[in-house]
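Enquirer: got a sequence here, can you build the structure:
(one chain, ligands or ions: 1)
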Amino acid sequence: MNNQTLILIKPDGLTKSLTGNVLSRLSETKLDIVGARMVQVSRELAEEHYRELKDKPFFDDLVKYIMGEYHKKKVMALVYYGENAISKVREICGKTNPEEADSVSIRGAYGRITTAGVYENVMHASANPQDAEREIKLWFTPDEIIADIYSTIEVEEQTKTLKWQ
Ligand code: TYD
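Expert: Sure thing, here's the model as predicted:
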């Protein structure tokens, strides 16, 4: 079954120049990239992305980590689409704890746990179709995705937008 998944290359991945390595590993899946953008993560976006974890003791550090407080302040967000995209990407991504992740997985190869106990695990990948939908809609607008993955409505809006001068 075809599905779509959100991938984030987290600030530690960008700071360590691992973008190419992560994308090469992901290309083994032969999935289609249907969205990509660089994001400076606001506290609002970070807290919303990880809202299911807000009662965990590591939540504050996790929010700071994804906002880039410990690394470069940027994240690369991607949407991959294709046959079993969610499970294929989770497989290559590896377990949440980088010390427990298979050593040939992305997290196993490049992740670490800091002395403060934060899992710096290089990338995020949606866990299931419900999470993927919530996460993709949080990180992307419909016109940033070049495939019809969710239904849309046309809304007339008058907003100020930046144009190249
Ligand atoms: P979670 O959604 O449980 O895992 P995954 O990213 O594999 O879907 O957790 C989100 C992030 O929270 C995880 O990538 C790293 C961080 N985290 C910790 O720092 N410590 C922990 O004990 C756990 C479970 C997660």
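Enquirer: alpha carbons only for contacts and neighbour counts from here, please
Expert: OK.
Enquirer: just give me the longest helix of the protein.
Expert: In the chain, assigned by DSSP state H, the helix with the most residues is helix 129-139.
Enquirer: gap between that one and the chain center?
Expert: Here helix 129-139 is found 10 Å from its chain centre; the criterion is Cα atoms, centre = their mean, to the nearest Å.
Enquirer: tell me which residues in that helix are buried?
Expert: Using 16 or more other Cα atoms under 10 Å as the test for burial, helix 129-139 gives 132-133, 135-136, 139.
Enquirer: just the CA trace of that helix, in PDB.
Expert: Extracted in PDB, the C-alpha atoms of helix 129-139 (Å, rounded to 0.1, in the frame of the first residue of the first chain):
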ATOM      1  CA  PRO A 129      -0.400   6.900   9.100                       C
ATOM      2  CA  GLN A 130      -2.200   9.000  11.700                       C
ATOM      3  CA  ASP A 131       1.000  10.600  12.900                       C
ATOM      4  CA  ALA A 132       2.200  11.100   9.300                       C
ATOM      5  CA  GLU A 133      -1.000  13.000   8.400                       C
ATOM      6  CA  ARG A 134      -0.800  15.200  11.500                       C
ATOM      7  CA  GLU A 135       2.900  15.900  11.100                       C
ATOM      8  CA  ILE A 136       2.900  16.500   7.300                       C
ATOM      9  CA  LYS A 137       0.000  19.000   7.700                       C
ATOM     10  CA  LEU A 138       1.900  20.700  10.500                       C
ATOM     11  CA  TRP A 139       5.200  21.100   8.600                       C
END
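Enquirer: what residues does it touch?
Expert: 3-6, 45, 49, 77, 79, 86, 126 (Cα atoms under 8 Å, 6 or more residues apart in numbering).
Enquirer: repeat that with 6 Å
Expert: For helix 129-139, the external contacting residues (Cα atoms under 6 Å, 6 or more residues apart in numbering) are 5-6, 126.
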